[in-house]
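**Q** Below is the sequence, then the predicted model.
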Amino acid sequence: MLTNWFSILLGRMPFRFTPPLFYAITAAASLIGTHPATAQRPVTSPLQRAAANSKADEGGLARGGAATAQGDLLPVTESSYTLAQVAPAAPAMEHTMEPVIVRGFAVDPVEYPALPEVQGTRINSGKKSSFVKPEEFPTIANNNYREALATTPGLLVSEEPSSPIINFGYRGLDSQRSEFMQVLKDGISIKNEQFGFPETHYTPILDAVERIEFIRSGSALQFGPQPGGALNFVMKMPRRDGPFHFVTKNLYGSDDLFTSYTAVEGTVDALGYYAYYDHREREGFRANSDYEVNAGSVKLVYDVGSDSRFVLTLDAYDEEHGEPGGLTTIPQPNAVLYQINRNASSRFFDRFRLERYYATLEYQRFFSEHTQIEIKGFGGYLSRFSKRQRGGGVGTLPNPEDAASTTNSIQLREDRTEGAELRLRHDYNLAGDISTFAGGLYFYHAVQDRRDERGSTPGAESGQLRNLNTGDTWDGAIFAENRFHFGRLSITPGMRLEFLQQGVDEIVNVTRDLLNTQSDFSFVPLFGLGASYVLLEGEPASAMPPVTSTDEKEMKSVAAAATSIGPPRLEAYATVSQAYRPRTYGELVPTSASGVVNGNLEEGRSLQFELGLRGKPLPYLTVDVGGFYFTFEDQVGDISLPGGSSTGNVGDARYAGLEAAAELDLLAMINGGAESPWGRLNLYSNVTLLDAEFTSGPSKGSTPSYAPEYQIKAGGIYHWKEAVKIGLLGTLVDNHYADANNTAERFIPNYNVWDLTAELNFGDGRFGVFAGINNVFDEDFWAEVRDEGILPAYRRNYYGGV
């Protein structure tokens, strides 16, 4: 099956490279072929060099140290990603050997509540960030991101139980299809179309995810549009400790839930591979709430040498689900009342289908211990199909007396995207410390064909053509940040210059005269400033092993250990940064019969402030406490006009709040700070308090959608020798609304949901069983209200697998 998918992928990939993309890749290749001379800073010993690099990137990743089974170097608590150390010659040597620089590619963040200050070709210094590893939890069933993000404060997961689609919201920005967040996979956007159609219908399977990174204010400088931060899924890399490894997980659960995840991986000589197949299906607890997912991916990693490699990734994803419609709590004609039967459906013919095929080719190169580069080329095809019965309202059945209820609306959107990105990092001496520059170029092109039809029956698959248009996006960006490092103080100014050209060509519209081709160019400069200061820092302790061998081959295989800095550590951080939200195709050219084009539509703009304190004051305690304030101006909405409507910049909003998170290893605390022989019992809690309000426009004084005043997550996870994992995870969310007008039919009451999971591994981890109860206390709630009404969430349900 996967073979067929990848044949389709290669046939549908948009690698009819346009000239700008060809020139960008050619220029990048020319740069790769150049080996710039790098000045070596004077040191008196290898250890001083290691210490200097360590000081440069506190909290960073190490390139020296022991290798993991995955072939990536172990994290060192306070070390540089570009750390290269020299093994000292043994005293018995009769001649001086050439110094050996040990290089590698590390992926694991340090054990700290934030991402490294400098991470690969990115600078995180001064930004609020966090990460989570799914493998730290007991096996998570059915891609339940409510559980996976339990320790991540502020992220709101609006559940859509009848589909595999995940909706992420943050700090009062609408969670519908994660439109206001940048969602990435290995640093590449996975939105349907990054600018003109920024919905996210695809999210990776958690079994294949190494970690989930979340960067708040300042993320737009690194990744481009959307004010809600950047959520980056870092996928697993091939194991390096053998030519073949095999894993399979199979699960059964309530309502005919069945999932199967199978992966093979390994390394043969210089080539590593990781491939998986993911299948999920469920009948659901409502009529027409079934879904099925088939997905797969292949990753190939080829090491050109000790300092460079290629990474090729091919993805295929196919899903279909029913849309059972929404419910309501307000009595009215044809209403399907939640309080009467929460398991009822209001739509019986509505369906949704998604196909996604994508490829990424990445080249990584270390020119020296000071300079590294990453070049990515990517592209793919996405098809989104939906059919929906007409004639119904919010939480109501289609009116049988209305002729519209015998027809349906059919929509097909096909997106073809391609792009390239070049990122460079360079470390340099400044005032006795190591500062870092990171910047690059980004190019993106997308074409979307949208087709709207009217079916003659409620379940028709095709019908009469009513609208046909093509959207086109060209985007180019120049971005750069520089971390000036002076002892405990780091100051990081940054900028991103975005050049965006969008156009929509309307070909068919049976409801009105055709509009002229709409085209708009925008130049969006974004600037930011981050700062951090280490208030409290532990003492460095080197772990350089002695070298006793006189064999030259063995000498060159020795990986020098890095200098580490342990707790206590406390750091103050602050960020002020700009972000923006581009116009969508639907806003540029409304498809409705009375829609009027607004030629003066502006991008939504945001100014964000962040101030906090984070660290690891004790070996068993991590904390992160901070406040935030941001504005979101020129938000786009509908404007009523005589005889019709138009889209326009309708209002501004402001958001202010507090976020706090803490995690405590209770058994380590009892054991005096050392890891307990009885395992780890991590108790965590995080809270987000939010005050959000529209300050101008038609919704002035109202609360933005999906903006609860509080969100609390708490629980505990127990580990014992990786053989036993048990988790109890809770999510508490305050009342909020699913629309900006705060209407009663779109009200979401507060809810309190807990999940219990357990995993037992034996046979040295070769075999295992797992089970869980989602919504342990049988909370009756809903977390999402769409145009068709309330979508009830799952009550208590069960699963188990091997």
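**A** The structure has been received and is ready for your questions.

**Q** does Val447 count as helix, strand or coil?
**A** Assigned state for Val447: strand (three-state reduction, DSSP: H, G, I helix; E, B strand; the rest coil).

**Q** Contacts only, for it.
**A** By CB atoms under 8 Å, 6 or more residues apart in numbering, Val447 lies in contact with 14, 415-417, 470-473. Glycine gets a C-beta too; all of them are placed from N, C-alpha and C.

**Q** And for Gln176?
**A** Contacts here follow CB under 8 Å, 6+ apart; on that basis Gln176 touches 158, 167, 169, 705-706, 786.

**Q** What's the separation between it and Gly169?
**A** 8 Å (CB to CB, to the nearest Å).

**Q** any shared contact partners between the two?
**A** Counting by CB under 8 Å, 6+ apart, the shared contacts of Gln176 and Gly169 are 158, 706.

**Q** got a pLDDT number for the nearest residue to Thr417 once chain neighbours are set aside?
**A** Nearest-residue entry for Thr417: Ala446, 4.4 Å, with adjacent residues in sequence omitted and distances by CB to CB, 6 or more residues apart in numbering. Predicted confidence (pLDDT) at Ala446: the value is 98.

**Q** what's the burial count for Ala446?
**A** When neighbours are defined as other CB atoms under 10 Å, Ala446 has 26 of them.

**Q** Tell me what it is bridged to.
**A** Taking DSSP bridges as the rule, Ala446 bridges to Thr417, Thr473.

**Q** which residues does it contact?
**A** Applying CB under 8 Å, 6+ apart, the residues near Ala446 are 193-196, 415-418, 471-473.

**Q** Kindly recompute the last result at 6 Å.
**A** 193, 417, 473 (CB atoms under 6 Å, 6 or more residues apart in numbering).

**Q** what about the last one, distance to Glu414?
**A** When you say that, I think you mean Thr473. When CB to CB is applied, the distance between Thr473 and Glu414 equals 14 Å.

**Q** what about these two, which has more around it?
**A** A count of neighbours by other CB under 10 Å puts Thr473 above the other of Thr473 and Glu414, at 23 against 17.

**Q** who are the neighbours in contact with that one?
**A** Counting by CB under 6 Å, 6+ apart, Thr473 touches 195-196, 446, 502.

**Q** so of the residues you listed, which ones are in strands?
**A** 446, 502 (DSSP state E).

**Q** If you tally nearby residues, what's the number for the closest residue to Ala344 other than its chain neighbours?
**A** Using CB to CB, 6+ apart and skipping residues adjacent in sequence, the residue nearest Ala344 is Val336, 5.1 Å away. Per other CB under 10 Å, the neighbour tally for Val336 reads 22.

**Q** Correct me if wrong: Val336 contacts Phe348.
**A** No. In this structure, Val336 sits apart from Phe348 without contact. The criterion is CB atoms under 6 Å, and the distance is 11.4 Å.

**Q** Can you work out which residues contact both of those two?
**A** Taking CB under 6 Å, 6+ apart as the contact rule, Val336 and Phe348 have no neighbour in common.

**Q** quick one, what contacts the residue lying closest to Ser219 once chain neighbours are set aside?
**A** The spatially closest residue to Ser219, leaving aside those adjacent along the chain, is Ala230, at 3.7 Å (CB to CB, 6+ apart). Ala230 makes contact with 182, 215, 219, 223 under the criterion CB under 6 Å, 6+ apart.

**Q** Let's have those residues in JSON lines, adding distance to Val687.
**A** Converted to JSON lines, the contacts of Ala230 look like this (distance: CB to CB, whole Å):
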{"residue": "Gln182", "distance to Val687": "24"}
{"residue": "Ile215", "distance to Val687": "20"}
{"residue": "Ser219", "distance to Val687": "22"}
{"residue": "Phe223", "distance to Val687": "27"}
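
**Q** got these as JSON lines, with secondary structure, pLDDT and neighbour count columns?
**A** Below are the contacts of Ala230 laid out as JSON lines (DSSP: H, G, I helix; E, B strand; the rest coil; pLDDT from 0 to 100; neighbours: other CB atoms under 10 Å):
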{"residue": "Gln182", "secondary structure": "strand", "pLDDT": "94", "neighbour count": "26"}
{"residue": "Ile215", "secondary structure": "strand", "pLDDT": "96", "neighbour count": "25"}
{"residue": "Ser219", "secondary structure": "helix", "pLDDT": "91", "neighbour count": "30"}
{"residue": "Phe223", "secondary structure": "helix", "pLDDT": "93", "neighbour count": "25"}
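
**Q** Pick out the most distant pair among these.
**A** Gln182 and Ile215 (8.9 Å; CB to CB).

**Q** Show the contacting residues for Asp433.
**A** Asp433 sits next to 485-486 when contact means CB under 6 Å, 6+ apart.

**Q** Kindly report the same for the one 3 residues further on.
**A** Residues in contact with Thr436 (CB under 6 Å, 6+ apart) are 118, 427, 483.

**Q** bridging residues for the last one?
**A** Read it as Arg483. Per DSSP bridges, residues listed as beta-bridge partners of Arg483: Thr436.

**Q** how close does it get to Ser490?
**A** Plainly put, Arg483 is 6 Å away from Ser490 if you go by CB to CB.

**Q** So for those two, which residues contact both of them?
**A** Ser125.

**Q** Please, where are all the helices along this structure?
**A** Counting by DSSP state H, the chain has these helices, from start to end: 2-12, 19-32, 46-56, 145-148, 219-223, 552-556, 585-588, 666-670.

**Q** Residues contacting the fourth one, please?
**A** Outside of helix 145-148, the residues that reach it under the criterion CB under 6 Å, 6+ apart are 134, 140, 157, 166, 206, 729, 731, 755.

**Q** redo that, cut-off 8 Å
**A** Applying CB under 8 Å, 6+ apart, the set of residues contacting helix 145-148 from outside is 132, 134, 137, 140, 157, 159, 166, 168, 203, 206, 212, 727, 729, 731, 753, 755, 757.

**Q** Quick one: residues contacting the second one.
**A** Listed by CB under 8 Å, 6+ apart, the contact partners of Pro134 are 140, 148, 206-207, 209, 211-212.

**Q** Is it possible to get CSV of the residues you listed that adds pLDDT and distance to Gly272?
**A** CSV is the format used below for the contacts of Pro134 (pLDDT from 0 to 100; distance: CB to CB, whole Å):
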residue, pLDDT, distance to Gly272
Ile140, 93, 26
Ala148, 94, 26
Leu206, 96, 22
Asp207, 97, 18
Val209, 97, 18
Arg211, 96, 19
Ile212, 97, 22
